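1. pasted the sequence and its predicted model underneath.
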Amino acid sequence: WLLHLTGPRVHALNASRYRQLGLDDATLARGHALLVDALRGGTQLTRSELAAVLAEGGIAMDGPRLAHLLMHAELEAVVCSGGRRGKQFTYALFDERVPQGMGYDRDEALAELARRYFTSHGPATAHDFAWWSGLTVADARHGAALAGSALMEIAIDDKAYWSTATTAAVGVGEPAVHLLPVYDEYLGSYSDYSPIFDAALNDQLEPVSDTLMGNILVVDGRVIGGWKRTVKTREISITIDPLVLLGAAEHAGIEAAAVRFGVFMALPVTVTTKR
């Protein structure tokens with residue numbers, strides 16, 4: 001149901017690129033048929049193996065044509081990820097690997113995706129939801145409205161935000177410190193992520209962007225810097241690069257977060273702070 005809901009929008013965004021690459025409807029349909037024939041019966045093939053299949057079938061796979069043809073096939077629920085073959089990824093037939101999904105119509109799918117997004121990412125705006133999902137802003141607003149009582153709308157700084165209707169207030173206590181990885185949802189799920197940055201950084205994000213391009217340091221919901229790790233044979237070395245002044249409580253929280261990471265990795269951790 002997710003592919004049926006979001007796939008057409010991705011196709012629309014890719015349309016000009018399909019044309020540039022000579023991937024018209026007839027070529028794409030022939031490519032899909034070749035993929036089905038090659039993968040039928042539980043066969044799982046690597047990308048290079050599928051490129052050879054398509055080339056033998058008369059579809060040239062030079063440049064980025066293979067990536068876009070496979071993307072199209074994935075969006076159309078023809079192929080999906082298969083199992084690993086050593087270090088290589090494979091593709092499999094979608095219908096042979098993926099169980100039958102929910103039979104949502106479009107409005108039901110919009111409501112379900114909106115409920116899931118705003119429950120896990122709220123408070124967030126319709127623009128945030130559109131950015132994350134690839135849907136239009138109009139669809140994002142419509143989905144939030146369709147979710148009904150599962151979500152609540154609130155106004156913050158004259159902007160409309162949605163969140164789960166069961167969100168509980170967070171009590172004041174020790175700083176909540178998180179050492180989050182690169183590409184974490186917390187930094188990649190919003191069209192405007194300035195609200196999650198410490199106010200002291202809002203006017204200087206560009207100069208410090210290198211620090212924030214990797215792993216991020218979050219204290220009480222605010223991004224305040226970055227961190228790096230070096231995994232050695234017998235220990236892990238973590239370097240903290242804060243962009244604001246840290247107090248004793250923040251330092252203690254960072255140490256505790258580093259210890260949790262060390263427990264997960266089953267190695268002792270040492271922490272160094274640049275400032």
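-> Sure, I can see it.

2. use CA for all of it now, contacts and neighbours both
-> OK.

3. so how many other residues sit close to K232?
-> Using other CA atoms under 10 Å, K232 has 9 neighbouring residues.

4. look up phi and psi at it.
-> Note on K232: its backbone torsions stand at phi -110, psi -180 [degrees, to the nearest 10].

5. how near is it to R30?
-> Distance of K232 to R30, given as CA to CA, to the nearest Å: 50 Å.

6. go on, G7?
-> For G7, the distance to R30 under the criterion CA to CA works out to 19 Å.

7. which of these two has more neighbours?
-> G7 (19 against 15).

8. let me see the contact set for the more buried one.
-> L75, E76 (CA atoms under 8 Å, 6 or more residues apart in numbering).

9. okay, and it sits in which element?
-> Secondary structure here is read from DSSP states H and E; on that basis G7 sits in helix 2-20.

10. just the CA trace of that helix, in CSV.
-> Once side chains and other backbone atoms are set aside, the C-alpha atoms of helix 2-20 remain, and they are given as CSV (Å, rounded to 0.1, in the frame of the first residue of the first chain):
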residue,chain,number,x,y,z
LEU,A,2,2.9,2.3,0.5
LEU,A,3,4.2,1.8,-3.0
HIS,A,4,0.7,2.3,-4.4
LEU,A,5,0.4,5.5,-2.4
THR,A,6,3.8,7.1,-3.0
GLY,A,7,5.1,5.4,-6.2
PRO,A,8,3.2,7.6,-8.7
ARG,A,9,4.6,10.7,-7.1
VAL,A,10,8.2,9.4,-7.4
HIS,A,11,7.5,8.5,-11.1
ALA,A,12,6.2,12.0,-11.7
LEU,A,13,9.4,13.5,-10.2
ASN,A,14,11.5,11.1,-12.3
ALA,A,15,9.6,11.5,-15.6
SER,A,16,12.1,13.9,-17.2
ARG,A,17,15.0,11.7,-16.2
TYR,A,18,13.3,8.6,-17.7
ARG,A,19,12.9,10.5,-21.0
GLN,A,20,16.6,11.6,-20.9
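
11. quick one: contacts of the helix or strand containing H142?
-> When secondary structure is defined using DSSP H and E, the element that contains H142 is helix 137-146. The contact list for helix 137-146, computed with CA under 8 Å, 6+ apart, reads 107-108, 110-115, 126-127, 129-130, 151, 162.

12. coming back round to it: got the buried residues for the helix holding G7?
-> L2, L5, T6, G7, R9, V10, H11, Y18 (16 or more other CA atoms under 10 Å).

13. could you find the closest non-adjacent residue to H178?
-> With CA to CA, 6 or more residues apart in numbering as the criterion, H178 has its nearest non-adjacent residue at 5.2 Å, and that residue is V218.

14. bridging residues for that neighbour?
-> H178, V223 (DSSP bridges).

15. separation between it and V231?
-> Separation of V218 from V231 (CA to CA) stands at 21 Å.

16. okay, the two: which has more neighbours?
-> A direct count of neighbours by other CA under 10 Å for V218 and V231 places V218 higher, at 23 against 12.

17. if I look at that one, what pLDDT would I see?
-> The predicted structure scores V218 at 93 on the pLDDT scale.

18. the strands in the stretch 1-150 of the chain, which residues?
-> Here the stretch 1-150 of the chain has its strands, by DSSP state E, counting those that start in this stretch, at 45-46, 79-81, 90-93.

19. thanks a lot, see you next time.
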